[in-house]
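Colleague: need a 3D model of the following:
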Amino acid sequence: NLKRNLINVDNPSLAIPSNNIIVANMPRTLAPGDRAEVNVFVEIPPGTPAGRYLGGLEVRDNAIVPTLSSTGDELSLDFIQVEVIVVAESNFAIVNPDSALPLDSLVIAGRASQRVSGVFRIANTGNVSLADVQISATDLAAESSVGVVIPNALISFSPPSFSSGAQGDTARVTVSVTIPRGILGGRYRGSILVQAV
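Modeller: Below is the predicted model:
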C-alpha cells in the first residue's frame, strides 16, 4: 500500500501526514477466490484544525506490474479514498501574561481611591477560531465583612471584547479596578467571566 497525505478540502496547505494512516491485517498473499478484511486507522495529531480531509492509499500486487486495459483503465491496482472529518472543538483558557501556564487567580493590590490594574491572556486552545469574545466581571465582595463590595461597574477591561481569535492565538487583556474612597481595607474577591460564540 502506498499512502497519500490527507489534505484539508477547504485549505490545502493543511494536511494529516500519510504516516498517520495505519493499515492493519494487509495480507502478504491471497489465494484465488480468497478475501481478507483490512483495517485502516488514522491518528489525528493534537491541534489539527477542524475540517474535512481527503487522502488515501494505493493497493497493488507486489509481483504483478500494473497495466492498462484496452479502455485505459489501470489493472492490478486500486485506490481507496480515505476521508476524515475533524470535528470542531471550541475552547479557550485564561493564562499568565508571560507564559502559557494556566492562571487560577489574579491578585491586584492598591489603596482606597486608587485605580489599579493587572494583566492576563486569553488563549484559544480549540481547533477553530473563536468569535465574539466578551469579558466581564462580578462584584468583588469583601472576605471579612458581609455586604461590603467593590461593584463591577468600577471594573473595566481593555479590550472588553474582540471579534475573533484564531486557533493558537492569545489576546492580552488588562483589567483595571477603581478602589472606592473610604472603603474598608482587606481582600475582595470576585470572578472574571469570559464568553465566546
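
Colleague: measure stretch 175-184 end to end?
Modeller: 21 Å (CA to CA, to the nearest Å).

Colleague: quick one: contacts of it?
Modeller: 106, 108, 110-120, 137, 140, 142, 144-145, 148, 150, 154-158, 192 (CB atoms under 8 Å, 6 or more residues apart in numbering). For every residue, glycine as well, the C-beta is placed using N, CA and C.

Colleague: strands - which of the residues you listed land there?
Modeller: 115-120, 137, 140, 142, 150, 155-158, 192 (DSSP state E).

Colleague: what's around A100, how many residues?
Modeller: Neighbourhood size, A100 [other CB atoms under 10 Å]: 11.

Colleague: am I right that it sits in a strand?
Modeller: No - the assignment for A100 (DSSP: H, G, I helix; E, B strand; the rest coil) gives coil, which keeps it out of a strand.

Colleague: ok, now which ones touch it?
Modeller: A123.

Colleague: from V9, how far out is it?
Modeller: 31 Å (CB to CB, to the nearest Å).

Colleague: I figured G168 hits G47, correct?
Modeller: Yes - if you go by CB atoms under 8 Å, G168 and G47 touch, sitting 7.4 Å apart.

Colleague: those two: who's more crowded?
Modeller: G168 (13 against 10).

Colleague: which SS class is that one?
Modeller: Using three-state DSSP, the structure places G168 in coil.

Colleague: excluding chain neighbours, what is closest to it?
Modeller: The shortest distance from G168 to any non-neighbouring residue, by CB to CB, 6 or more residues apart in numbering, is to N124 (6.3 Å).

Colleague: residue nearest the centroid of this protein?
Modeller: With distances taken as CA atoms, centre = their mean, G126 lies nearest the centre of the chain, 1.7 Å away.

Colleague: next, that residue: phi, psi?
Modeller: The phi/psi pair for G126 (degrees, to the nearest 10) reads phi -90, psi -170.

Colleague: what sits against the nearest residue to it once chain neighbours are set aside?
Modeller: Leaving out its chain neighbours, the residue that sits closest to G126 by CB to CB, 6+ apart is N91, at 3.9 Å. By CB under 8 Å, 6+ apart, the residues touching N91 are N124, T125, G126.
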